[in-house]
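Peer 1: Predicted model and sequence follow; I will ask about them next.
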Amino acid sequence: MRPCPPPARDVPLRGAVPRDSPSHAGHEVLWCVSAVFQVWRAVGGRGPGRGRPPGWGRDHEAPGIPGPDCPVWVLLCRGGRARLREASQRGRGVIKLPAHMQGVTLPRLFDIHLPQVFREDSIVSGYRPPHSSVMDCVLSSFQMTNETVNIWSHFCQHGESHGQHLYFLWRLCVLGSRLDVLGDSYSWPLLVHMLLVCVFCFTSSCAHTFSTMSPESRHVCYFLDYGALSLYSLGCAVSYRHYVMPDSWIQSWIHQHFVTIAIGNSVLCTSLSCYSRFVELQRPQTSKVVRTAAFIIRFCFDTGPLFYRAGSGSESLSSHCYHLLFAVLTCFLFTAHLPERLAPGRFDFFGHSHQLFHVSAVMGTHFQVEGVMADMASRRSFLLGRGAAPSFLDTVAAPLVGLLLNLAVIAAFSTPLLRAPPRRARSSDTPVT
């Protein structure tokens, strides 16, 4: 591959923003991030589709769906690395803690210093103080604890397929700006799916951030996390119902009631997950089985159409297979607690199973979205010809009903905790029904 020539000095590459402008650093960072996001662009390819990995080209992009426009090789040109380093240095002044907070250092505790309710299996050190204030929780996310990677891996992007909230939020905004949202109801299931992915990632990040305020708040935070996961599962069902259903299932009973059953599934799985926290200390194995069962129920129901289409040979099959592979890996990491179980204390800050769980989950979600978008584009004429056009009730109204029902379940489990008189956490702290 021939090296690309250096850009002309007198031609502004990222818009006419003066270098001394206060927003110049922000433009530098946004330009670099937007370039890095397009990693599926052909490196040095010429013409549409040349040099792209199989299954990532424009051949299965729906009309109006944005494709890669900014090649990553721009950053790899002569001088590109220096520009990226300069933008990173300038970006440090854009997002940073206030000066009076930068010197604040919160203590990190060992598991023996904490009540049982705050401990994690095979994690020995790096805990945040229990009964932290809201500001303490926020500040702790900027210091190295055993939760820091969990917080930021569900919030910030660090590569095209190694982050969650900002990456998927960026894709949602681009899709919303390019698609005819009001005039084309066929795009609604994809947008609903992407929106609920963003909601789940943000809720999970907040749950990990504020889980040390008190034993009660810890349980409520994770109740909300479970509810957001159920809503994400409902979003998957909405998009699968409209784009992924096997040809022989179109207009069948399961096709017509798939979203309705998914709403009931989300309520059931949220209830099971919330209940599992009430028995976690007394019966940890039962708690783990119940919480894992909630995950498996959602997964098996949502991916039923994919298993049925396993031998169809469609263009989206590879993306769906990668999604299924990472989903199985996610479940394994959640239940096995590896590698920290093999060497307690060695993986407290980096590499423990919950961090790997987050990475595996986002990889699976990324491939899931790619598969859904491929089916959306390639099956449009067939699905619309069979009268399977999305409607407001089963794309927008259904998630709203699921949201209200899940909030009601969370409120029912949270009420006994919030009504209980405040008390200091003890080693036997657990929800009281």
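Peer 2: Alright, I've got the coordinates.
Peer 1: count of neighbours near residue 266?
Peer 2: By other C-beta atoms under 10 Å, 31 other residues sit near residue 266. (Glycine included, C-beta is placed from N, CA and C.)
Peer 1: wait, doesn't it sit right on residue 234?
Peer 2: Yes - with contact defined as C-beta atoms under 8 Å, residue 266 reaches residue 234; the gap is 4.8 Å.
Peer 1: Which residues are in contact with each of these two?
Peer 2: residue 402 (C-beta atoms under 8 Å, 6 or more residues apart in numbering).
Peer 1: any low-confidence regions in the stretch 201-350 of the chain?
Peer 2: Across the stretch 201-350 of the chain, the ranges flagged by pLDDT under 70 are 311.
Peer 1: Would you map the helices across it?
Peer 2: Remark: helices assigned in the stretch 201-350 of the chain by DSSP state H, counting those that start in this stretch are 215-239, 253-278, 284-302, 304-308, 317-336.
Peer 1: Can you say which of the ones you listed is packed in most?
Peer 2: Mean neighbours per residue, mean count of other C-beta atoms under 10 Å, is largest over these for helix 215-239, with a mean of 25.
Peer 1: what about it, distance to the chain center?
Peer 2: Mean-position distance between helix 215-239 and its chain equals 12 Å (C-alpha atoms, centre = their mean, to the nearest Å).
Peer 1: Okay, residue 341 and residue 280: tell me how far apart.
Peer 2: Separation of residue 341 from residue 280 (C-beta to C-beta, to the nearest Å): 17 Å.
Peer 1: who has more neighbours, the two?
Peer 2: residue 280 (19 against 13).
Peer 1: Tell me if I'm right that the more buried one and residue 287 touch.
Peer 2: Yes - using C-beta under 8 Å, residue 280 is in contact with residue 287, at 4.2 Å.
Peer 1: which residues are contacting stretch 118-125?
Peer 2: 108-111, 127, 130, 146, 212, 215, 218, 337, 340-341, 344-345, 347-348, 352, 354, 425.
Peer 1: do stretch 392-410 as well
Peer 2: Contact with stretch 392-410 is made by 185, 188-189, 192, 196, 220, 223-224, 226-227, 230-231, 234-235, 238, 241-242, 259-260, 262-263, 266-267, 270-271, 274, as judged by C-beta under 8 Å, 6+ apart.
Peer 1: what about the residue nearest to residue 176 when sequence neighbours are not counted, neighbour count?
Peer 2: Once flanking residues are discounted, residue 176 sits nearest to residue 191: 6.4 Å by C-beta to C-beta, 6 or more residues apart in numbering. By other C-beta under 10 Å, the residues close to residue 191 number 19.
Peer 1: Give the helix, strand or coil label for residue 191.
Peer 2: Reducing the assignment at residue 191 to three states with DSSP: H, G, I helix; E, B strand; the rest coil gives helix.
Peer 1: what sits against it?
Peer 2: Going by C-beta under 8 Å, 6+ apart, residue 191 touches 172, 175, 176, 179, 181.
Peer 1: so can I have TSV of those residues showing neighbour count, distance to residue 142 and pLDDT?
Peer 2: Shown next, in TSV, are these (neighbours: other C-beta atoms under 10 Å; distance: C-beta to C-beta, whole Å; pLDDT from 0 to 100):
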residue	neighbour count	distance to residue 142	pLDDT
172	17	26	86
175	18	31	83
176	13	31	83
179	20	37	82
181	13	36	82
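Peer 1: from the residues you listed, which is closest to residue 326?
Peer 2: residue 172 (20.7 Å; C-beta to C-beta).
Peer 1: Quick check: the closest one is in a helix.
Peer 2: Yes - counting by three-state DSSP, residue 172 is found in a helix.
Peer 1: what's near enough to touch it?
Peer 2: Counting by C-beta under 8 Å, 6+ apart, the residues that residue 172 touches are 191, 194, 195, 197, 198.
Peer 1: now it: how far from residue 315?
Peer 2: To residue 315, residue 172 is 23 Å away according to C-beta to C-beta.
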